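>>> just a sequence and a predicted model for now, questions to come.
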Amino acid sequence: MDYFHGRCEPFPTYPRSYDLVHAKGLLTLQTHQQRRCTMLDLFTEIDRLLRPEGWVIIRDTAPLVESARMLITRLKWDARVIEIESNSDDRLLICQKPFFKRQGVSS
């Protein structure tokens, strides 16, 4: 997503895809600057860019990381939050895109 120019457009990456996306403060930037993009837009774009079994590492504040973790688990990605320092509000969100989308278990 093009956050620096205020547009909600995909990154021009064709035909490339990536194994790792790493960002610090991206969620804070996205929420504080009132862009047209939502957190779902952001992670949909990351999903497009990332190869299956690729990783996302995001460092940001605990509340934003927790919101992102809840969204990511709804997208069926594996996600965990790691506390960086005991006296810091920052957390790491570490996610892995699955090789394939898991289907819900039906009874």
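On my side now, so go ahead.
>>> hmm, Ala68 is touching Leu92, no?
No. In this structure Ala68 lies outside contact range of Leu92 using Cβ atoms under 8 Å: 11.1 Å. In this view, the C-beta of every residue, glycine as well, is placed from N, C-alpha and C.
>>> so where does Asp41 fall, helix or strand?
Secondary structure from DSSP states H and E places Asp41 in helix 39-49.
>>> what of Leu29?
Using DSSP H and E, Leu29 falls in helix 26-32.
>>> how distant is that helix from the center of its chain?
From the chain centre to the centre of helix 26-32 is a distance of 12 Å (Cα atoms, centre = their mean, to the nearest Å).
>>> Ala68 and Leu92: who's more crowded?
Ala68 (24 against 15; other Cβ atoms under 10 Å).
>>> for that one, which residues are in contact?
With contact set as Cβ atoms under 8 Å, 6 or more residues apart in numbering, Ala68 has these partners: 27, 39, 43, 58, 60, 93.
>>> contact partners for the third one?
Residues touching Phe43, when contacts are defined by Cβ under 8 Å, 6+ apart, comprise 68, 71-72, 75.
>>> and of these, the nearest to Asn87?
Minimum distance to Asn87 across these is 22.1 Å, recorded for Ala68 (Cβ to Cβ).
>>> looking at this, the closest one is in a helix?
Yes. Assessed with DSSP: H, G, I helix; E, B strand; the rest coil, Ala68 lies in a helix.
>>> give me the distance between it and Thr38.
11 Å (Cβ to Cβ, to the nearest Å).
>>> what of Ile84?
Going from Ile84 to Thr38 by Cβ to Cβ gives 26 Å.
>>> which residues of the chain fall in strands?
With strands called from DSSP state E, the chain shows them at 18-24, 50-61, 78-83, 90-96.
>>> let's have those strands in a markdown table, adding distance to Glu9 and mean pLDDT.
Listed next are those as a markdown table, based on distance: least, Cβ to Cβ, whole Å; pLDDT from 0 to 100:
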| stretch | distance to Glu9 | mean pLDDT |
| --- | --- | --- |
| strand 18-24 | 17 | 94 |
| strand 50-61 | 18 | 95 |
| strand 78-83 | 26 | 94 |
| strand 90-96 | 23 | 96 |
